[in-house]
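1. Got a sequence here, can you model it:
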Amino acid sequence: MPRRLLDRCQPDSIAEFRAAARRRYDDGVALAAAGQRTGAIYLYGYTAEMLLKSAYFAYVGIAEDDALTWGGHIQPAIAQGRGMGIAWPHAGAGHNVSAWAEFLASLRSLHPPSTYLAAFGREMLRRCRLVGRLWRETLRYKRNLAYGYEVDQVEEAVAWLLANQALL
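-> Coordinates of the predicted model:
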């Protein structure tokens, strides 16, 4: 008998986040094409979240396949970000795309080459803030239908993150 879906899941890791991000982005594209605009934004938002988390954990030296946990990795990262002055809301903290982007950009700006924020970092922040204005993990509970231009904006921002994930 085949193993159930949840029994086939791997632990969270940089590699798993990156692979899942690509799949959720493709799922979002399919939903957008089918007119399921809010569902598309929902999946695009998770794509952005996973790309930012994988970039952060890679930057701080976590191995690609090391298991990432809430208490051992994500919570301490959020606490560090708050300690650096990142306005990291408590509600949905682990999912906050804008906070993850600001945290990552702040950390990268502290170490050479500091030109990270000169152009690329600002562009990354701009795109992540756009996603953050239109996406929350709680979107799954809402019946609203996103406007077409909102889907296009989020898709374009997330496509840019995917295309530039090695530089994040």
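
2. Let's verify Gln165: helix, strand, or coil?
-> coil (DSSP: H, G, I helix; E, B strand; the rest coil).

3. Confirm for me that it is in contact with Ser54.
-> Yes - between Gln165 and Ser54 there is a contact under CB atoms under 8 Å: 7.4 Å. All C-beta atoms are positioned from the backbone trio N, CA, C, and that covers glycine.

4. residues contacting Ala87?
-> Ala99, Glu102 (CB atoms under 8 Å, 6 or more residues apart in numbering).

5. and what of Ala15?
-> Glu64, Asp65 are the contacts of Ala15 under CB under 8 Å, 6+ apart.

6. how about the helices in the protein?
-> 14-33, 37-59, 75-83, 97-109, 120-134, 148-163 (DSSP state H).

7. Out of these, which gets nearest to Pro89?
-> Closest to Pro89 of the helices of the chain is helix 97-109 (CB to CB; 7.3 Å).

8. between that closest one and helix 37-59, how many degrees?
-> 20 degrees (axes from the mean of the first three to the mean of the last three CA atoms, to 10 degrees).

9. any residues touching helix 97-109, and which ones?
-> 45, 48-49, 52-53, 55-56, 59-60, 77-78, 80-81, 84, 86-89, 93, 116-117, 121, 124-125, 128-129, 131-132, 135, 168.

10. again, but for stretch 127-144
-> Against stretch 127-144 from outside (CB under 8 Å, 6+ apart): 38, 41-42, 44-46, 48, 52, 92, 95-98, 100-101, 146, 150, 153-154, 157-158, 160-161.
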